[in-house]
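1. Fold the stuff below for me.
(one chain, ligands or ions: 2)
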Amino acid sequence: MNILVTGGTGFIGSHTLVELYQAGHRAVVVDNLCNSSQQVLGRVERLLGLAEGEIPFYEVDICDEQGLERMLERHSVDACIHFAGLKAVGESVEKPWLYYSNNIGGTLTLLKVMERHGCKNMVFSSSATVYGEAAAMPLVEDCPKGQCTNPYGWTKSMIEQVLTDVQRADAEWNIVLLRYFNPVGAHPSGLIGENPRGVPNNLMPYITQVAAGQRRELCIFGSDYPTPDGTGVRDYIHVCDLALSHIAALGAVARRCGLEVYNIGTGKGYSVLEMVQTFERVNGVKVPYRIGERRAGDVAECWCDPSKARRELGWQAKLGLEDMVRDSWHWQQSCGMP
Ligand code: NAD
Ligand code: UFG
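-> Residues are numbered from 1 along each chain as shown. Ligands and ions are numbered 1, 2, ... in the order given. I've put the predicted structure just below:
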């Protein structure tokens, strides 16, 4: 299939491009580069043994209807994997309009242009955040959605609703909502990974920067949660496993699935302290840390039952915590290389 990949130069998008081509698909990439660089495409092409510039790229904002229109006039696509969006939780609290406008407005424009070109197939990057503070773990897809604690989370929840209503109104649409848990790791080649701008918000890039001596210590946000060691528990998933879930989701779209929702995690929760200890043991480096206050908006635990994706998509995560911490560290050490 020929796949429109919005946000394709980003962290998850770039890893998914690799898996798309390896599975025999092709892609057209759209990204406004607000949180990534076009150099990533060259690295993806190198990794795949493609010629430079072989993956078509459009530096276009998904809010730009004319820009999307011009791109789809030149390329006939079978489906869209829609990654493009802003994702910094703290920034979304400061700039809610930007987040609603970019993420929701951009998605509405994208849907309009796709429909005009007869492409009614989409895989959307949603998030575990739509569950809010759930009563019990593990999370299953039919757990009720909850109250989000920030505008970023609400954009995901609202876009899910928009896509559900669009599909309900027109059964020609096939839409898969993938609720990602906590993506970490990087491609084992060391050529692509996550490149957070400024101080990282997320645990893994913070750990790798502390291990590399770029930051003094990790602050563990709270040790008094009702979890086995008191620190927060999350379902970390290797980005290469996550990327493969999109290939499986395209299979569902091709089978005309209507609207489906899947949890994309490993089904195992690990605490912050377990992450730090595993990172130190596997990579043989120290990660100095201190215990600080809880971070506002954090939940004690968040992990899923991913068995629906296994049953219906034939997808399951294969990589474990050791692969995640090893590949994250390898990327940290190689990301400055040309
Ligand atoms: P990322 O920031 O690395 O990638 C997103 C890409 O979208 C970037 O390259 C950015 O330049 C682009 N973009 C943003 N707004 C755009 C616009 N208006 N027009 C065109 N391009 C635009 O983030 P990621 O971690 O790869 O996340 C991909 C998707 O998955 C996002 O929608 C994110 O919200 C979602 N998600 C991520 C996580 C996570 O922890 N990384 C968890 C759950 C869901
Ligand atoms: N943590 C620390 N110190 C840090 C950073 C994080 O102790 O410096 C802890 C957090 O308190 C939490 C765990 O590490 O217990 C994971 O935190 P992350 O910020 O890495 O991830 P979150 O689970 O808070 O959020 C992530 C994404 C959100 C997404 C959510 C659910 O950042 O965008 O997963 O998918 F909505």
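
2. Who are the contact partners of R168?
-> Applying CB atoms under 8 Å, 6 or more residues apart in numbering, we find R168 in contact with L259. Every C-beta, even on glycine, is put in place using the N, C-alpha and C of the backbone.

3. can you map out the strands along this structure?
-> Along the chain, counting by DSSP state E, strands occupy 2-6, 26-30, 57-58, 79-82, 121-127, 174-180, 182-184, 218-221, 233-234, 236-238, 259-264, 270-271, 289-292, 301-302.

4. can you pull the buried residues of stretch 301-320?
-> Neighbour counts over stretch 301-320 (16 or more other CB atoms under 10 Å) mark 301-306, 308-309, 312-313, 315-317, 319 as buried.

5. before we move on, back to that, nearest to V325, out of the strands of the chain?
-> Evaluated over those, closeness to V325 peaks at strand 182-184, with 8.1 Å, by CB to CB.

6. which other helices and strands contact the closest one?
-> Secondary-structure packing of strand 182-184 (3 or more CB pairs under 8 Å, 6 or more residues apart in numbering; DSSP states H and E): helix 203-211, strand 236-238, helix 239-254.

7. what helices or strands is the longest one leaning on?
-> With contacts defined as 3+ CB pairs under 8 Å, 6+ apart, the secondary structure elements packing on helix 239-254 are helix 11-22, strand 79-82, strand 121-127, strand 174-180, strand 182-184, strand 259-264, helix 307-313.

8. Run the chain-centre distance for the shortest one.
-> What it means is strand 182-184. 7 Å (CA atoms, centre = their mean, to the nearest Å).

9. With stretch 114-130 instead?
-> Centroid separation for stretch 114-130 versus its chain: 14 Å, with CA atoms, centre = their mean.

10. What separates the first and last residues of that stretch, distance-wise?
-> End-to-end span of stretch 114-130 (CA to CA, to the nearest Å): 25 Å.

11. wait, does that stretch contact ligand 1?
-> Yes. Under the criterion of CB under 6 Å from any ligand atom, stretch 114-130 makes contact with ligand 1 via S125, S127.

12. same thing with stretch 319-338?
-> No. Stretch 319-338 lies apart from ligand 1 when judged by CB under 6 Å from any ligand atom; the minimum separation is 12.9 Å.
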